[in-house]
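Visitor: Let's see this in three dimensions:
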Amino acid sequence: MELGSDDSYPLVYCENVQGFLRPIRVLAVNRNPILREGLSIFIGTQPGLELVATAATPDMALSIFDEQRPDLTLMDLDLPSDSGVDAILRIRTIDPSAWVIALVTNDWDEIGARALKAGASAVISKDLISEVLLPLILSRRESAAV
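Guide: Residues are numbered from 1 along each chain as shown. Predicted coordinates for the structure are as follows:
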C-alpha cells in the first residue's frame, strides 16, 4: 500500500495562524538531480504536503530556508565534507525550532549521530523515505497537537 493513497490514512496538514489547516511546506535538499526530482514527485503526490523548493547545495538551501521558512527541510547528508550537517546547524541558528529530517545512504551511524547533534529532528535512510516519512510527519503533528 502506498502511503496517502488509502482513504483511511490520515491527511497531513498543519495549522496556520488563523487556525485553518494548510499543507506542510517542504524544502528538499539533495545534490543529485534525479533524487531531487524523485523527492519532488513523492512530495507532490502526498496529500497535505507542498513542495516549497528544491536545492542542490547547502548554500542554496540556506538562502531558500531564510526566504521561505518551510515547515520541514529534508536535508541530504551525502554532501561533500559534512556540509549537510553544517547546513543543519546553520538552519537551526536561523530558526531554533526548525524541523529538519536528515537523509542518509551510507555511514548511517556516524553521520546520523552528527546530524542529530547538529539539531536534526530525525535521520532516515533514503531507501525508506516512502515508508517512513509520512508516519514520521504524522507523529510530529500529533505530538504538537497534544
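Visitor: Run a quick neighbour tally on Pro117.
Guide: Actually, residue 117 is Lys rather than Pro. Per other C-beta atoms under 10 Å, the neighbour tally for Lys117 reads 11. The way it works is simple: take the backbone N, C-alpha and C, and place the C-beta from them, glycine included.
Visitor: Look up the pLDDT of it for me, please.
Guide: In this model, Lys117 is scored at 94, pLDDT.
Visitor: phi, psi of it?
Guide: When read as degrees, to the nearest 10, the backbone of Lys117 gives phi -60, psi -30.
Visitor: Distance check, it against Gly44.
Guide: In this view, Lys117 and Gly44 are 32 Å apart by C-beta to C-beta, to the nearest Å.
Visitor: Val52 now?
Guide: Val52 is 12 Å from Gly44, where distance means C-beta to C-beta.
Visitor: Neighbour count: these two, which is higher?
Guide: Neighbour totals were compared for Val52 and Gly44, and Val52 leads with 21 against 11 (other C-beta under 10 Å).
Visitor: and the host helix or strand of that one, what does it pack onto?
Guide: Using DSSP states H and E, Val52 sits in strand 49-55. Using 3 or more C-beta pairs under 8 Å, 6 or more residues apart in numbering; DSSP states H and E, the elements in contact with strand 49-55 are strand 21-29, helix 33-44, helix 58-68.
Visitor: I'd like to know which of these is closest to Leu74.
Guide: Ranking the helices and strands packed on strand 49-55 by proximity to Leu74 (C-beta to C-beta) places strand 21-29 first, at 4.8 Å.
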